Structure formats: structure tokens, C-alpha cells
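Participant: Have a look; sequence and predicted model below, questions after that.
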Amino acid sequence: MLSSLEPFLTTEELSHFEAACQTFPRRCIRLRDDRINRPLPFDTTPIDWYPSGKWVDDSAIRPASFLNYAIGDYYIQDAGSLLPLAVLQPRPGEWICDLCAAPGGKASAILEAMQGEGCLVANESIRTRVHALEHVLGRTGQANYIVTSWDPDEMASRLPEVFDAILVDAPCSGQMLVGKSKRDENAWHPSQIFHCAQRQTRILNAAIRMLKPNGRLVYSTCTFAEVENEAQIRRLVQEYPGAFEPIERIPLKKWASPVARGCYRLWPHRDGCAGGFAAGLWRTDRNLGISYDGKSNDASPKRIFRGHPKEERIAIDAFREFGELSSVIAPRLWCNQVHVATSEVWSLLDRYPWLGKPCLGMVHEKQRWLPTQSLSLLRECLFTPRIAFDLDESLARQYMRGESIRPESTASGWLTAQWQGYPLGWAKATHTRWNNHLPPWCKQ
């Protein structure tokens, strides 16, 4: 199958490429947007195509083992997955959809780039992956997002021309994952590639229906197969003449594909990562000639996040047990849960109430309110906990193992455990100990 790569690689390169595909790529982290200048516990080197991404210099380092990771100083992801972010260039104030968002590395980077303005819809059609996506987005400390789980076709039929930008990180044959032992050699089989290309065509056809005129579409995969990459972009340009123009990013010229404009590739033997493909298209103001079925108006127009005024007041007052929300975000009651989001998110959900719900807030269980983990991680400009207590490294590690702890504190009630001034999660303090409320998936 390596012969299919001849338009991209010389004969001499193919052997180096094949060897590199069998090795584990260099580790990489992406710095959180408001922690760029915080010192790290290990040495790093900037990644050329995405400067806030960093190579971990020492291959023996495990970035997830440090408390810096627990407080969200950085996110761990492959360097190749940063390429579509460099093409997309998210902006504050936009409505953006990450259509295949789990596990959330790209979605969280988009959310950080939006700087709390606009709205991100992070969609994942496989429901078993939604929980991990919610956790990763909560680590950003932002509140201008919702997580949904819709089939792309159904979503497109209900959201015609809604988004300023859409990222499609499509399911693919996964040839770039062979070196990580996450795919086997079947990733190179023609039938697998053909099956994936058909699925990608369906997803892209849905995505363009949700894109506003003058909006931008970024498409990415973790495979080398041209039929799953450049061919998909050429198909859109040919099927909708004059409706799409390639996005050409001058800083990415070094990685430009030789066979299609607006397409970019990374290679394991050249760039040190598992590989990467990303392509960008501007949608012009030309009509796509697509008919919409009008399902976007089939939901009840009432504001489904509103409850009885008395119940809502009780729920909002319950926040005083945990902390104080800023005026930037607002809570609403729905189905024994209090959801917290920015006004931009509520504006989207008032318009499309069937779409989903925010992930932040509180749930009511056994006659008591319990805060979500994401609520404790909100940035200072959005939420001030009633009590915040800074732990030393030993106690912080004990907390991150999910254990109850006994710090020298007279605090009682709900509080956020912190390390170096940044939140780790919730604890419930009594006179003798802190009961740990860290979710199992957050433990180190």
C-alpha cells in the first residue's frame, strides 16, 4: 500500500516512513491559554506549526503524573492533532461546532481560543464517549459550551446555516495510530479505506449544511490515504462549483500538500509526530442548492430550562453553599439540575431547546444538592468558591488519589481543594476530615 503515497514521498523516503510508522511518537502537551508563562516540571521545545504546543524533551517523562496536569496547566495530545487548530484559527464571539469532538483535545483548544465569548457546540455521536468529552472541556474553566450527541445528518437537518466555523475530525482508517498500537495493519486494507471514505463523505455533506455563508470548514483525519483526505476536499469543490475556496495559511506553507490547495500534511519521519492531515475551506456566499426539511422548528418554543419560579429561586439560592457566580454566567433549573452557562449559550438553547444542555452546575440527589466537578474548575472571573483551601504537594497527591484527607483547617462544609492557587476539585469538610468528592475519572 505504500505505493499509494508516491505522490507525496520519494522512493528513498518510503523506507524511512515505514520505519517511523512503527515507533511511538514523541510526547506532546498543549499549554492552557491562561497558563502560558507558568513554569513546567520538565523541559519542552515549541512545536513549529502550533507554538503553544510543546514537545516533551525527555522521553521518560509521563506528563499525566504531575500535579500541574491535575490543575489543568496543560492537555496531553499528539502533535499532529494540533494541525487542524492551526488551520481553523478559532475566534472569540463565534458560534463553532466540533462535529466529532471526543475525546476533546481539539474542542478544548477551540474553547480556550474563544476566550469565553461565543458558543462551542461539541458533538459526539457515540454516547459512550460523551462523558470523557465533558471532563476534558470542564478542565478549560470556561462556561460557553454545550456537549451534544447527535448523528450529523439529524443535526444538520435541524441547524441549517448556523455556525461560523465547523471542525470535522472525521473517523478514519487510523493509519497514523499503528505506531501507538491503537490500530493494526488492517488500517491499510483497501476495503477499510473505502468504508471510511464513504462515512467521511456523509459527515462532510452534513457539515456543510450547518455552515453559514462566509463561514469556514476544517476537515482532519489521522490517516495517510489520499481518498480519505485530499479527495474529500476536491469532491466538495467539484460538487459545489464556486461555493468553496481553499484556506491557505502562509505559516503552514512548509506542510502544504502537493496535490491540493488548502490541504496540509505532517509525516512521522519528517515531523516527529504520528502524522497529521488537515484542510480548510471558506464557504462563499453562493447558494449550495440544498433544500432543508424545516426540523429546526419542531421543538416546543417554551424555554425548557425554566422551572417553577419558587423552585428556581431555591436552586439558585443553593449555590451559596458552594460559592458565588459572576454576572457573566447565569443558572437555570431543569429536571432536578441547575445548569450554568453564559448568555450566548442560553441564546442558542432558547432558539434550539432540543439541542442539549450545559455540563456545569449542580444535581439534586437524596434531598441534597451536589456540585459537578466542572463547577469547581471554573475560572476566577466566573466563579468564586465559598471556601478555597490550598494543599501542600503531599496532601494534594493524597487528594488526587481519591483519599479522604485531614489538613490543618477548621473549615466546614463544601470547599474546593487547591494546589498552588488552582482548583483540583470538591471536598466536604467535617470537624475530623475532608470527604473527597473527586470523580473516579479524575484520579491520578
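Facilitator: Happy to help now that I have it.
Participant: The residue minimising distance to the centre of the chain: what's it in contact with?
Facilitator: Central residue of the chain (Cα atoms, centre = their mean): A107, 2.0 Å from the mean position. A107 sits next to 98, 101, 120, 122, 133, 136-137, 145 when contact means Cβ atoms under 8 Å, 6 or more residues apart in numbering. Every residue, glycine included, has its C-beta placed from N, CA and C.
Participant: Low-confidence regions, the stretch 101-250 of the chain specifically.
Facilitator: 179-184 (pLDDT under 70).
Participant: quick one, strands of it?
Facilitator: Using DSSP state E, counting those that start in this stretch, the strands found in the stretch 101-250 of the chain span residues 119-123, 145-148, 163-169, 211-221, 244-246.
Participant: among those strands, which is nearest S376?
Facilitator: Closest of the strands of the stretch 101-250 of the chain to S376 is strand 145-148, at 16.7 Å (criterion: Cβ to Cβ).
Participant: Show me what the closest one packs onto, helices and strands only.
Facilitator: On a contact count with 3 or more Cβ pairs under 8 Å, 6 or more residues apart in numbering; DSSP states H and E, strand 145-148 meets strand 119-123, helix 130-138, helix 343-351.
Participant: coming back round to it: determine which two of the contacts of A107 are furthest apart.
Facilitator: Taking Cβ to Cβ, the two most distant members of the contacts of A107 are L120 and V136; they sit 12.2 Å apart.
Participant: Tell me which of those two has more neighbours.
Facilitator: Neighbours of L120 and V136, each counted by other Cβ atoms under 10 Å, are more numerous for L120; the result is 29 against 22.
Participant: separation between that one and N37?
Facilitator: Counting by Cβ to Cβ, to the nearest Å, the gap from L120 to N37 is 25 Å.
Participant: Also K357?
Facilitator: Per Cβ to Cβ, K357 is found 35 Å from N37.
Participant: Please say which of these two ends up with more neighbours.
Facilitator: K357 (20 against 6).
Participant: list the contacts for that one?
Facilitator: 146, 305, 334, 337, 339, 349.
Participant: Correct me if wrong, but the fifth one is in a strand.
Facilitator: Yes. With the criterion set as DSSP: H, G, I helix; E, B strand; the rest coil, the secondary structure at H339 is a strand.
Participant: Quick check: it touching I329?
Facilitator: No. The pair H339 / I329 is not scored as a contact, 10.2 Å apart, by Cβ atoms under 8 Å.
Participant: Report the residue spans of the stretch 301-444 of the chain with pLDDT below the cut-off.
Facilitator: Applying pLDDT under 70 to the stretch 301-444 of the chain flags the ranges 301-312, 314-315.
Participant: which residues of it fall in helices?
Facilitator: Using DSSP state H, counting those that start in this stretch, the helices of the stretch 301-444 of the chain run over 309-317, 343-351, 373-376, 393-400.
Participant: which of those helices is buried the deepest?
Facilitator: Mean neighbour counts were taken over those using mean count of other Cβ atoms under 10 Å, and the top value, a mean of 24, falls to helix 373-376.
Participant: Which strands or helices does that helix pack on?
Facilitator: Packed next to helix 373-376, using 3+ Cβ pairs under 8 Å, 6+ apart, are helix 130-138, strand 360-365, strand 422-429.
Participant: which outside residues touch it?
Facilitator: Contact with helix 373-376 is made by 134-135, 137-138, 322, 340, 359-362, 383, 385, 416, 423-426, 438-439, 442, as judged by Cβ under 8 Å, 6+ apart.
Participant: Return the member of the contacts of A107 nearest to D151.
Facilitator: Nearest to D151 among the contacts of A107: A101, at 13.9 Å, using Cβ to Cβ.
Participant: Contact partners for that closest one?
Facilitator: Each residue near A101 by Cβ under 8 Å, 6+ apart is listed here: 107, 122-124, 133, 147, 169.
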